[in-house]
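Novice: Here is a sequence with its predicted model. Questions after.
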Amino acid sequence: MMSKTRPPQDGEASFDLVVPDAGLRVGASFLAPNIANSLGVTNDRDAVLVWLNTRAKNANTRKAYLQELRRFATFLACLRGASLAQATVADLEAFRAWLAVPYLPEQGWPAGYLPFRTDGAGKLLGLSIGSRRRADITVRGLYRFFHEGGYLPTNPFLQLGKLTGEEISIDELSRLGMSPQQYARKLRQDAIREDNQAADKAFSFGLWRWLCAFLDAPENTWKIPSAEEPSEQGLDAIEPWPLERQARLRCILLFSYAAASRRAELAEATMSAVVKSGTRWVWKVVGKGRSAAEGPDRVTLDEDAVEALRYYRLARGLGSYPDSAEYDIPLIAKLSPKRVRRVELKTGEGVSPGYLNSELRRFFNFAAPFAAQIEPHWEVDLRNAASHWLRHTRGSHFALGHVSLARTAEQLRHKDPRTTSRYYVHMKDEERGEAVDAVAKLLKGA
């Protein structure tokens, strides 16, 4: 039952241990020494650290694991009164249901931490089935590690079936006033809605061509509002972006698309990662799912991305093309201070991934009403767009251009071809349509 709670037992450490540099609070359940415990630890905190250091050596992977683990550990402590080592099958099943239909305990919650997004009225929004699967895989991996390492004598996850996405408690069904059948129907409708939204996270060929042309269009005054300059003031009251900022936005947009980059990868990149290979320019990147020991992936850039980078370098006082020795020069930098902008300056500091995304969204929102004059639905796409849309757009365009699945997976640096195959949904629909048309011709005697 989701309402189950129990207070910490006497002698049990309180919910106050912090994993260094992570802000993750986990309860410590001190266990008796176990000769089969190869982890060499006797409490949750240390066991988590061993798991992170062993299974999450990549910084981005570690961040993702910590996010899921913090939510899970907080759920156990505040809603189930248990530490990680005390979690039962019932606790894990309740956690699955909580991810879909979350609530907070009346008796309190860690200040400053909210594990879910909220709607306009402050209601907690449950996770999508994709996000729930990621959470489930992370926690399942944690308990497999604890069990196989001898820290826990049993693995409660072994008693759970596969995540169906329809997990919900009897208490929650009663609160919603739904039968199991009605709830299952709602989930099916939600699944279709989510799939429709996922399919829209890319720019069509038409919109992408227009957006690239808009960079140099007469109506693009570059009077783009910042957070400190609400658009309600009117564009006349806003100063145009300086040339360096214009050139940087052009580079972010065209480079991100051509390289199918993740924003964290682009924010971390330096000029030394862009090198000449024969007649082509290549971006070297050690990204998601790849370790430094394996060496970088190589992503071939198109002419538009290289030209945008050249234009941006000149705006920063750099030479036309990157040099493999420019290890300390960020690919995307903060703007040069105004007081020294007239002086030749190689670079500012690198931007953060969040700022990179915000800069793109400012441009998308500025372009949206102009796009609406061509196609009304383009405005909606631009206002919803974020940096990751450029990566999705590149994958979609490769698929629509009938580039092979293997080549697209290589360009997007996917380990699993199944991840790439989602971009080919339109081609598969067309192939199925050809089969349907063939049968229709037979029926008509054609």
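Specialist: Structure's in. What do you need?

Novice: C-alpha from now on. contacts and neighbour counts both.
Specialist: Fine.

Novice: okay, which residue is most central for the chain?
Specialist: For the chain, the residue sitting closest to the mean C-alpha position, by Cα atoms, centre = their mean, is residue 388 at 7.7 Å.

Novice: show me what contacts the nearest residue to that one once chain neighbours are set aside?
Specialist: Nearest non-adjacent residue to residue 388, counting by Cα to Cα, 6 or more residues apart in numbering: residue 262, 6.6 Å away. By Cα atoms under 8 Å, 6 or more residues apart in numbering, residue 262 lies in contact with 256, 387, 388, 391.

Novice: Direction included, what does the longest strand along the chain pair up with?
Specialist: Criterion DSSP state E: the longest strand present in the chain is strand 280-285. Using DSSP bridges, the strands paired with strand 280-285 are strand 274-277 (antiparallel), strand 297-300 (antiparallel).

Novice: Deepest in the core, which of the ones you listed is it.
Specialist: Greatest average neighbour count among these goes to strand 297-300 (a mean of 18), per mean count of other Cα atoms under 10 Å.

Novice: Would you mind getting the angle between the helix or strand following that one and strand 280-285?
Specialist: Next in sequence after strand 297-300, counting helices and strands by DSSP states H and E, comes helix 303-315. Here helix 303-315 runs at an angle of 80 degrees relative to strand 280-285 (axes from the mean of the first three to the mean of the last three Cα atoms, to 10 degrees).

Novice: May I see the buried residues of helix 303-315?
Specialist: For helix 303-315, burial by neighbour count (16 or more other Cα atoms under 10 Å) applies to 304, 305, 306, 307, 308, 309, 310, 311, 312, 313, 314, 315.

Novice: And stretch 138-150, by the same measure?
Specialist: 138, 139, 140, 142, 143, 144, 145, 146, 147, 148, 149, 150.

Novice: Same check on stretch 127-138?
Specialist: 127, 129, 132, 133, 135, 136, 138.

Novice: Pretty sure residue 99 is one of the things the third one touches, is it not?
Specialist: Yes: contact between residue 132 and residue 99 holds when scored by Cα atoms under 8 Å: they sit 6.5 Å apart.

Novice: May I have the phi/psi pair for the residue nearest to residue 388?
Specialist: phi -90, psi 150 (degrees, to the nearest 10).

Novice: Likewise for residue 302?
Specialist: Dihedral angles for residue 302 - degrees, to the nearest 10 - are phi -90, psi 170.

Novice: State the helix or strand in which the spatially closest residue to it that is not a sequence neighbour lies.
Specialist: Closest residue to residue 302 apart from its sequence neighbours, by Cα to Cα, 6+ apart: residue 258 at 6.1 Å. Element membership of residue 258, judged by DSSP H and E, is helix 243-259.

Novice: so for that helix, what's the average pLDDT?
Specialist: Averaged across helix 243-259, the pLDDT comes to 96.

Novice: Quick one: list the elements packing against it.
Specialist: helix 303-315, helix 353-372, helix 388-400 (3 or more Cα pairs under 8 Å, 6 or more residues apart in numbering; DSSP states H and E).

Novice: buried residues in the second one?
Specialist: For helix 353-372, a neighbour-count test (16+ other Cα under 10 Å) marks 353, 356-371 as buried.

Novice: how about the nearest residue to residue 311, chain neighbours excluded?
Specialist: Leaving aside its chain neighbours, residue 311 sits nearest to residue 247 (6.4 Å; criterion: Cα to Cα, 6+ apart).

Novice: Do I have it right that the one you found meets residue 310?
Specialist: No: counting by Cα under 8 Å, residue 247 stays clear of residue 310, with 9.3 Å between them.

Novice: In terms of secondary structure, what does whichever strand or helix holds residue 75 contact?
Specialist: Per DSSP H and E: residue 75 is located in helix 59-75. Helix 59-75 sits against strand 24-26, helix 129-148, with contacts defined as 3+ Cα pairs under 8 Å, 6+ apart.

Novice: mean pLDDT for the ones you listed: which is lowest?
Specialist: If these are sorted by mean pLDDT, strand 24-26 sits at the bottom with a mean of 56.

Novice: Give me the neighbour count for residue 431.
Specialist: By other Cα atoms under 10 Å, the residues close to residue 431 number 12.
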